[in-house]
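> sharing a model that was predicted from the sequence below.
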Amino acid sequence: MEHILSILIFFPALAATVGFVVDKNSIRAYGITVTAIEFILSLVLWYSFDAQNPGMQFTEFFPLIASYGISYSVGIDGISLFLVIMTTLMTMIGIIGLTEKRDLKHLIITILYLEMTMIAVFLVLDAVVFYTFWELSLVPMFYIVGAWGGKLRIYSTIKFFLYTFTGSLIMLVGMLYMGYVYFQTTGNWSFNLQDWYMLQLPFDMQLWLFAAFFMGFAIKVPMFPFHTWLPYAHGQAPTIGSVILAAVLLKMGTYGFIRFSLPLFPDASVYFTYPMAILALIAIVYTAMVAYAQEDMKQVIAYSSVSHMGVIILGTFALNVEGIGGSIFLMISHGIVSGALFMLVGVIYDRRHTKMIKDFGGLALVMPKYATIFAVMLMASVGLPLTIGFVGEFLSLLGFFRVSPLLTVIAGLTIIFGAVYMLVMYKKSFFGPCNNPENQKLEDVKGRELVALIPLVALVVILGLFPKIILKPVDNSVSSLIELMHDKAIHPTTKATILELNSIGEVKK
């Protein structure tokens, strides 16, 4: 277990490199084997993880540029543990359900390289190395959409790259300045997050640095008004690209807010609580209405992702254990559910080569298994109680209710709007007569498709009934984060606000 985090990070990249010499007829089995091993390693990590310990575990440290305090430093806590497991799971499921036939070998190799960058983002504790993997994740996704995407793939990839790269450059400036501030304060350079956590920054500096980090994280989420790249990326990406983009890449932005913005800039986080909430509310309500107006099944799910990410942001900036814990749980549930929904759209697209809702109708008559699985995921997406989607949304809204009951009521509209646009899409696609001759002979889900989808259905139900499996280790680390924010805050009003928002939770003093 001494180097398990490094193995998790670099094993997919090593396997991807070896994959160049694997025969193209064996590449799918090879990709499934590699991702299955990676998933098993993440489960071993979970088994060995001490849920009672809120701090970083399995840490590794190796200096890279010692004179500037840049190091290879990794660790994992309850906040990142299940994000890593979700990454390994959804990558494995995505390759199992892969329907792309064109140049499959290079696609799987690209996915394995992408898996390395995503896992590294959740484990690295050095800001410079974090930024390196953060940016590297753009390259394989750029390639996946650009090489295997639809007719507008070039436009989509360029827009995706320019948006995210621009925001990341602004974030890099903030990171470099944080390293300089640490040097000015201590006389030594360091880009290690745990060292940065010891700093107490002036309020004005916190505001500017919060804004710099905000640009990188908000575009990745994406938050309103930076969300316009996402529907294009989803619409043009192959199914596997949409699955990984929705399940993992978007969560890198919300994870960044929790890992960087809240503990480094506690006063600024409290100060910007309402502006962040307003942006989240606009995303929740506006993109839900846009989703209702879509005629493409994939675009409905893409815009619903923006709406759900708004709820995650709302929970994060509730600044209490319930809200932040709920937002992390919602990251995981949204990753599973949205990934499954995009995979389901890919299944029907592979058979009919269309995603337009008007081209379907009566699918439940000819594809009953497909209709049932789609219904389960749809109910989880709209937050039906006893499904995985309900727990995260409820806790996120419960947490923010302590900040503003009025804004929470408005945010709760996401449940109503989500039910409307998802149920309307389902009604038009699955119910009624099957009049289109091309739909009457469609083959129901089978084989690899069921192998990929059934585990996700099981998780939707199991984690909906027993959320404590995830919430217990998450809440312990979140409580430690809240305590750190309280200790680092320089304004008494900030300290009082954090304590007030956590009067129900446990802030240990």
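Yes, it's here.
> quick one: the helices in the stretch 51-200 of the chain, in order.
Counting by DSSP state H, counting those that start in this stretch, the segments of the stretch 51-200 of the chain that form helices are 78-96, 104-123, 127-136, 138-148, 153-186, 193-196.
> would TSV of the ones you listed with mean pLDDT, distance to residue 230 and mean neighbour count be doable?
Where C-beta positions appear, they are placed from N, C-alpha and C, glycine not excepted. Shown next, in TSV, are these (pLDDT from 0 to 100; distance: least, CB to CB, whole Å; neighbours: other CB atoms under 10 Å):
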stretch	mean pLDDT	distance to residue 230	mean neighbour count
helix 78-96	95	17	25
helix 104-123	95	17	24
helix 127-136	95	17	20
helix 138-148	91	12	20
helix 153-186	92	8	17
helix 193-196	94	28	18
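> make a markdown table out of those helices and add distance to residue 426.
What follows is these, written out as a markdown table (distance: least, CB to CB, whole Å):
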| stretch | distance to residue 426 |
| --- | --- |
| helix 78-96 | 22 |
| helix 104-123 | 30 |
| helix 127-136 | 36 |
| helix 138-148 | 27 |
| helix 153-186 | 27 |
| helix 193-196 | 43 |
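> closest one to residue 407 among the ones you listed?
Closest to residue 407 of these, according to CB to CB: helix 78-96, at 24.6 Å.
> residue 398: which of the helices of the stretch 51-200 of the chain is closest?
Nearest to residue 398, of all the helices of the stretch 51-200 of the chain, is helix 78-96, at 18.8 Å by CB to CB.
> and the angle for that closest one with helix 104-123?
Interaxial angle of helix 78-96 relative to helix 104-123 (axes from the mean of the first three to the mean of the last three CA atoms, to 10 degrees): 170 degrees.
> check the offset of helix 78-96 from the chain's centre.
A distance of 10 Å separates the centroid of the chain from that of helix 78-96, by CA atoms, centre = their mean, to the nearest Å.
> likewise for stretch 364-380?
24 Å.
> pretty sure residue 272 is touching residue 213, no?
No: under the criterion of CB atoms under 8 Å, residue 272 makes no contact with residue 213, lying 11.2 Å away.
> those two: which is more packed in?
Of the pair residue 272 and residue 213, residue 213 is the one with more neighbours under other CB atoms under 10 Å, namely 23 against 19.
> ok so that one is a helix residue?
Yes: per DSSP: H, G, I helix; E, B strand; the rest coil, residue 213 lies within a helix segment.
> could I get the pLDDT score of it?
We have a pLDDT of 96 for residue 213.
> residue 506 now?
46.
> I'd like to know how far the residue positioned nearest the centre of the chain sits from residue 83.
The residue lying closest to the centre of the chain (CA atoms, centre = their mean) is residue 251, at 2.1 Å. Separation of residue 251 from residue 83 (CB to CB, to the nearest Å): 6 Å.
> common neighbours of those two, please.
residue 331 (CB atoms under 8 Å, 6 or more residues apart in numbering).
> can you map out the strands along this protein?
Applying DSSP state E to the chain gives strands spanning 57-65, 70-76.
> let me see the ranges of the helices in the stretch 301-450 of the chain.
With helices called from DSSP H, counting those that start in this stretch, the stretch 301-450 of the chain shows them at 321-352, 363-366, 368-381, 388-401, 405-411, 413-430, 437-440, 448-465.
> may I have the second one as PDB, with CA atoms only?
Output in PDB follows, covering the C-alpha atoms of helix 363-366 (Å, rounded to 0.1, in the frame of the first residue of the first chain):
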ATOM      1  CA  LEU A 363     -39.700   2.400 -27.800                       C
ATOM      2  CA  ALA A 364     -41.000   0.700 -24.600                       C
ATOM      3  CA  LEU A 365     -43.000  -1.700 -26.800                       C
ATOM      4  CA  VAL A 366     -39.900  -3.000 -28.800                       C
END
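> could you dump the helices of the stretch 301-450 of the chain into JSON lines and include distance to residue 296 and mean pLDDT?
Formatted as JSON lines, the helices of the stretch 301-450 of the chain follow (distance: least, CB to CB, whole Å; pLDDT from 0 to 100):
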{"stretch": "helix 321-352", "distance to residue 296": "9", "mean pLDDT": "93"}
{"stretch": "helix 363-366", "distance to residue 296": "16", "mean pLDDT": "91"}
{"stretch": "helix 368-381", "distance to residue 296": "16", "mean pLDDT": "94"}
{"stretch": "helix 388-401", "distance to residue 296": "22", "mean pLDDT": "93"}
{"stretch": "helix 405-411", "distance to residue 296": "26", "mean pLDDT": "91"}
{"stretch": "helix 413-430", "distance to residue 296": "10", "mean pLDDT": "88"}
{"stretch": "helix 437-440", "distance to residue 296": "17", "mean pLDDT": "86"}
{"stretch": "helix 448-465", "distance to residue 296": "21", "mean pLDDT": "94"}
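> could you dump those helices to a markdown table with mean neighbour count and distance to residue 39?
A markdown table is the format used below for those (neighbours: other CB atoms under 10 Å; distance: least, CB to CB, whole Å):
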| stretch | mean neighbour count | distance to residue 39 |
| --- | --- | --- |
| helix 321-352 | 26 | 14 |
| helix 363-366 | 18 | 31 |
| helix 368-381 | 21 | 20 |
| helix 388-401 | 25 | 18 |
| helix 405-411 | 15 | 34 |
| helix 413-430 | 18 | 29 |
| helix 437-440 | 13 | 35 |
| helix 448-465 | 18 | 10 |
